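Novice: quick one, structure for this:
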Amino acid sequence: MTDLFGSVPTAPDTGPRPLADRLRPQKLSEVIGQRQVLGPEAPLTVMLSSGALSSLVFWGPPGVGKTTIARLLAHETDLHFVQISAIFTGVPDLKKVFEAARIRRQNGQGTLLFVDEIHRFNKAQQDGFLPHMEDGTILLVGATTENPSFELNAAVLSRAQVLVLERLDLKDLELLAQRAEQELDKALPLDGPAREALLEMADGDGRALLNLIEQVTAWTVEGTLDKDALATRLMRRAAQYDKSGDAHYNLISALHKSVRGSDPDASLYWFARMLEGGEDPRYLARRITRMAVEDIGLADPQAQSICLQSWETYERLGSPEGELALAQALVYLALAPKSNATYNAYKGARRSAKQTGSHPPPKHILNAPTALMKDQGYGKDYAYDHDAEDGFSGANYFPDGMERPDLYQPVERGFERELKKRLDYFARLRAKRNS
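Specialist: Below is the predicted model of the structure:
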């Protein structure tokens, strides 16, 4: 438990300590990974060397060292370390923390307040930090797994620097495994492929890796285990995926861009990642259909129909069989010719409509059901296209006085190549009629 008025109390060391606690770094140079914030010219190194540590927000996945780095920053700067969690801390608790920090400051001791899961505080609670940050009562270090741009108040963000902590790569995890073996004075009973599989099971989470290592080293094993034997004894941890958080938006972005980039393999990979994370296939069906409309359009008019058919097939078959229909649509989209010409034309039309929203249609294309409207010129000189040469009158259908915009610009790919020929043909006829 964390003392609200100070750091974590020291308990008598009478029982076994978790491996993750025993391997906790004692100085910043011992932290594994995070070179982008702890390297020679990285932000934290520069702040510490200049003696100007500011309030911070650590943004990153679990198990990458957010708490450890905050604790070591307090040690490096001789600040009193206080740790709270937004999940378990209410407004009365915060008031006690701030009051204790104020008293501590009067006695010449600064406070580094580490707030885990800071995004769980509501707007009013986040606003409560501001006066204490501004007058120097606390130096705030927040930790969040969610995008601070969406979850934290602009006022808090303006007073703190956001540092992104990244999931540990396999080299970092291997170094951590070696440290664990030294601490335990025991080698992991795994052959090469099994050892690599264990590192991959951690999925970039150092704390998860140490927990796995504790399990493996507790086994009674003769010789070494191979990959299959390891998989039998250990369950692979679930991939990190929040259907309403950053992972959701990051993965759908990766899926969409893989389709746009005409890469069916990458498209299927991100599609599978989302399904494995528990994403609703109906959401994916909707987004896949949207890709057909936005990125393929009339370059392949059949793409949209295939997406709708795959969606309907999923609804009839359900999971998991129906997901194959969505996968087929995804592969079709990835390999289809791409065009966003209609998408761009639509956005351009919306802009023009906003700028000229009060202009009436030209009178020659308005119906005149009454004599008064005929007297006003409604329908006068209307050119009936079916009576015109080539079935095209070349009349103006935009408001009088409005310069004709060039909105739809088809590409030289797929079916839009044919549409471009038609558009150019009508443009030549229009120029001929108008001349």
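Novice: ends of stretch 109-129, what's the gap?
Specialist: 18 Å (C-alpha to C-alpha, to the nearest Å).
Novice: tell me which residues in that stretch are buried?
Specialist: Buried residues in stretch 109-129, defined by neighbour count with 16 or more other C-beta atoms under 10 Å: 110-121, 125-126, 129. Using the backbone N, CA and C atoms, a C-beta is placed for each residue, glycine as well.
Novice: got the CA coordinates for stretch 426-435 in PDB?
Specialist: What follows is stretch 426-435, C-alpha atoms only, in PDB (Å, rounded to 0.1, in the frame of the first residue of the first chain):
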ATOM      1  CA  PHE A 426     -18.600  15.800 -72.500                       C
ATOM      2  CA  ALA A 427     -16.100  18.600 -71.800                       C
ATOM      3  CA  ARG A 428     -15.400  18.800 -75.500                       C
ATOM      4  CA  LEU A 429     -19.100  18.900 -76.400                       C
ATOM      5  CA  ARG A 430     -19.800  21.600 -73.800                       C
ATOM      6  CA  ALA A 431     -17.000  23.800 -75.200                       C
ATOM      7  CA  LYS A 432     -18.400  23.200 -78.700                       C
ATOM      8  CA  ARG A 433     -22.000  24.100 -77.700                       C
ATOM      9  CA  ASN A 434     -20.900  27.200 -75.700                       C
ATOM     10  CA  SER A 435     -18.800  28.500 -78.600                       C
END
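Novice: now it: mean pLDDT?
Specialist: For stretch 426-435, mean pLDDT is 85.
Novice: outside of it itself, list whatever touches it.
Specialist: By C-beta atoms under 8 Å, 6 or more residues apart in numbering, the surrounding residues in contact with stretch 426-435 are D390, F392, S393, G394.
Novice: also stretch 368-377?
Specialist: With C-beta under 8 Å, 6+ apart as the test, stretch 368-377 has contacts from K363, H364, L366, N367, Y378, G379, K380.
Novice: from the buried residues of stretch 109-129, pick the one nearest V293.
Specialist: V293 lies nearest to H119 out of the buried residues of stretch 109-129, by C-beta to C-beta, at 33.6 Å.
Novice: so what's the closest one up against?
Specialist: The contact partners of H119, by C-beta under 8 Å, 6+ apart, come to A86, T144, T145, E146, P148, E151, L152.
Novice: ok but it is inside a helix, no?
Specialist: Yes: H119 forms part of a helix when assessed by DSSP: H, G, I helix; E, B strand; the rest coil.
Novice: from V162, how far off is it?
Specialist: In this view, H119 and V162 are 12 Å apart by C-beta to C-beta, to the nearest Å.
Novice: what's the neighbour count on Y346?
Specialist: By other C-beta atoms under 10 Å, 16 other residues sit near Y346.
Novice: sec struct for it, please.
Specialist: helix.
Novice: what helix or strand is the residue nearest to V91 when sequence neighbours are not counted on?
Specialist: Leaving aside its chain neighbours, V91 sits nearest to Q125 (6.6 Å; criterion: C-beta to C-beta, 6 or more residues apart in numbering). For Q125, the host element (DSSP states H and E) is helix 123-127.
Novice: and that helix, how far from the chain's centre?
Specialist: Relative to the chain's own centre, helix 123-127 is displaced by 24 Å; criterion: C-alpha atoms, centre = their mean, to the nearest Å.
Novice: how about stretch 367-375?
Specialist: 57 Å.
Novice: one more: stretch 346-355?
Specialist: 29 Å.
Novice: V115: what's it in contact with?
Specialist: So V115 contacts I84, S85, A86, F121, L140, V141, G142, A143 (C-beta under 8 Å, 6+ apart).
Novice: the strands in the chain, which residues?
Specialist: 56-59, 80-85, 111-116, 139-144, 161-164 (DSSP state E).
Novice: still on that earlier bit, which of the contacts of H119 are buried, as a PyMOL select command?
Specialist: The following PyMOL line selects those of the contacts of H119 that are buried, judged by 16+ other C-beta under 10 Å:
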select buried, resi 86+144+145+146+148+151+152
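Novice: looking at the contacts of H119, which is nearest D169?
Specialist: The closest of these, once distances to D169 are taken by C-beta to C-beta, is T145, at 18.4 Å.
Novice: I figured that closest one hits P61, correct?
Specialist: Yes: using C-beta atoms under 8 Å, T145 is in contact with P61, at 6.0 Å.
Novice: residue ranges in the stretch 201-350 of the chain under the pLDDT threshold?
Specialist: 236-246 (pLDDT under 70).
Novice: any idea how far E196 lies from L170?
Specialist: 7 Å.
Novice: between those two, which one's more packed in?
Specialist: Just comparing E196 and L170: by other C-beta under 10 Å the higher neighbour count belongs to E196, 15 against 12.
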